[in-house]
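**Q** Using only what follows, build the 3D model:
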Amino acid sequence: MSLAVATRYANALVDVVISQESMQPAAIAANLRDLEAAVESSSELRNVLITPAITPAQKKAVMGRICDTLGVHPLVRNFVFIVVRNRRADLFPQIRSAFERLLDERMGMVRAEISSASELNAASRPALEAQLSRLTGKQVKCSYTIDPTLLGGVVARIGSTVYDGSVRGQLETLRRELSTGA
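**A** Alright, predicted model coming up:
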């Protein structure tokens, strides 16, 4: 249920950001990440936002000061006020995540999680990203992690699709083929 609610809020914000050409979607996403980090870094602030004894006006004042300190866009500030007023501040991390995902979808981008046995060099990353873009037909945003259990090669996850080019994956495929007699 909370994911559906967070997605509705995120979808509304994406609609506004996309509809206004003067908007910088990346800046709005960065503002949301900054606010989320501020809330996550302070247990006192989290408690203020979720405690029913504190009035929405008091919560709004606190969040207004935080928005001023962080220099967030007025649209984000107003959005935060709506989220707080509607007692959905506890969903802020899910809203931010859904916003980034929906924004990427609307802008023709997909996210890929790349795991490799060792750090990929500067020349390998653009080539890998270009290959994934050709496979998906969309611009790919990659996040990279190191997984020493892969032995070598790369595993790319885009949504529910996995492209396994790892040595471990190739050995597993070979093992299955040998065990079935294929």
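
**Q** Which of the helices or strands spans the most centrally placed residue in the chain?
**A** Here the mean C-alpha position of the chain is nearest to the C-alpha of Ser97 (Cα atoms, centre = their mean), at a distance of 4.5 Å. For Ser97, the host element (DSSP states H and E) is helix 92-106.

**Q** Please spell out which residues along that helix are buried.
**A** Neighbour counts over helix 92-106 (16 or more other Cβ atoms under 10 Å) mark 92, 94-104 as buried. All C-beta spots, glycine's among them, are computed from the backbone N, C-alpha and C.

**Q** Looking at those residues, which is nearest Pro148?
**A** When the buried residues of helix 92-106 are ranked by distance to Pro148 (Cβ to Cβ), Ser97 comes first, at 27.8 Å.

**Q** Could you measure from that closest one over to Ala29?
**A** Distance, Ser97 to Ala29, by Cβ to Cβ, to the nearest Å: 10 Å.

**Q** that older thread, where's the residue nearest to the centre of the chain relative to Arg33, distance?
**A** 10 Å.

**Q** Low-confidence ranges, the protein, go.
**A** 1, 181-182 (pLDDT under 70).

**Q** quick one: contacts of the helix holding Ser97?
**A** For helix 92-106, contacts defined as Cβ atoms under 8 Å, 6 or more residues apart in numbering pick out 2-3, 6-7, 9-11, 13-14, 17-18, 25, 28-29, 32-33, 35-36, 39-40, 83, 88, 110-111, 141.

**Q** just the angle between the longest helix seen in the chain and helix 92-106, please?
**A** Looking across the chain with DSSP state H, the single longest helix is helix 2-19. Calculated by axes from the mean of the first three to the mean of the last three Cα atoms, to 10 degrees, helix 2-19 forms an angle of 50 degrees with helix 92-106.

**Q** Can you give the domain ranges for this protein?
**A** 2-105, 109-180 (automatic domain parsing).

**Q** Highest mean neighbour count out of these?
**A** domain 2-105 (a mean of 16; mean count of other Cβ atoms under 10 Å).

**Q** centre of the chain versus that one, how much separation?
**A** 14 Å (Cα atoms, centre = their mean, to the nearest Å).
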